[in-house]
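1. When you get a sec, could you give me coordinates for this:
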Amino acid sequence: MDGIARVPRDVAELQRRLGYAPPAQLLSVAIRELFPRRIAVVSSFGAESAVLLHFVAAIDAATPVLFIDTGRHFAETLDYRDRLVAHLGLTDVRSIGPTAEEVARLDADSSRAVWDPDGCCAFRKTAPLQRALEGFDAWITGRKRFQSATRFDLTAFEIDERHVKINPLASWGPADLAAYADEHRLPTHPLVAQGFASIGCAPCTSRTQPGEDARAGRWRGFEKTECGIHLPHPSAFGK
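-> As a prediction, the model looks like this:
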């Protein structure tokens, strides 16, 4: 039997019960009661990741954290990941990513991000995450409504194919995040001070300008607004 059959599938009911609860309460119920040992956090260790990971660590530092190591991250992101993991005491951080065979076959010269960012994200991010989530019923994201126009109606609970997807910080704004980070003295990603409001892979991330959406610096010059892990999955990753 599919594992998700053992937990609530009615996201409308979950949203009614918990969707407007404070993040700490929502996450505590999800991690300890709804999906014990069957839930993971997916984190980019980007500009705003510390707040969500701090909430999770306070509830259960052994909650699996999935980091998609695309092989194209800024060196600063990898260093920040290691510092933040140590700072929060997270004990089950798993790096996932494409296989060496996939990289050799689909992007041998590391140029695909320039001419096919959708295809690059599909095999470097979406496919590895699909594989990694096979053992879980639910996963937690750090998405927020203010980040872009495409996220303005984001709810705390969604169904993502076979999984419940949870966005506990959906309603939080920049001031909420900054206040929480300051209160708990959370380390910041070093690229934030250099004007990067949203941080992904190095070839596809640029600085944002005043007045732009937080994610305006992602895939600049393309119509693309999401890497793909929050969209319906492509049917084939090798095209």
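
2. is it true that T155 touches R16?
-> No - shown here, T155 and R16 do not form a contact pair, counting by Cβ atoms under 8 Å, at 10.6 Å. For the C-beta atoms, the positions are set from N, CA and C on the backbone; glycine is no exception.

3. Neighbour count: those two, which is higher?
-> More crowded of T155 and R16, by other Cβ atoms under 10 Å: T155, with 17 against 11.

4. ok, and the closest non-adjacent residue to the more buried one?
-> Q15 (5.6 Å; Cβ to Cβ, 6 or more residues apart in numbering).

5. residues of the lengthiest helix in the chain that come out buried?
-> Ranked by residue count and defined by DSSP state H, the top helix of the chain is helix 75-88. Going by neighbour count (16 or more other Cβ atoms under 10 Å), the buried part of helix 75-88 is E76, T77, Y80, R81, L84, V85, L88.

6. my guess is the third one contacts V192, does it?
-> Read it as Y80. No - checked against Cβ under 8 Å, the pair Y80 and V192 is beyond contact range at 9.8 Å.

7. What's the mean pLDDT across the host helix or strand of A113?
-> Using DSSP states H and E, A113 sits in helix 112-115. Regarding helix 112-115, the rounded mean pLDDT is 94.

8. Summarise which helices and strands it is packed against.
-> Packed against helix 112-115, as judged by 3 or more Cβ pairs under 8 Å, 6 or more residues apart in numbering; DSSP states H and E, are the following elements: helix 117-121.

9. after the helix it packs on comes which helix or strand?
-> Proceeding C-terminally, helix 117-121 gives way to helix 127-132 as the next helix or strand, assigned by DSSP H and E.

10. one step back: what about the helix holding A113, distance to the chain center?
-> Going by Cα atoms, centre = their mean, to the nearest Å, the spacing between the C-alpha centre of helix 112-115 and its chain's C-alpha centre is 22 Å.

11. before we move on, the earlier item: closest to C201 among the buried residues of helix 75-88?
-> Of all the buried residues of helix 75-88, T77 has the smallest distance to C201: 8.9 Å, by Cβ to Cβ.

12. quick one, what contacts C201?
-> T70, R72, H73, A113, R124 (Cβ atoms under 8 Å, 6 or more residues apart in numbering).
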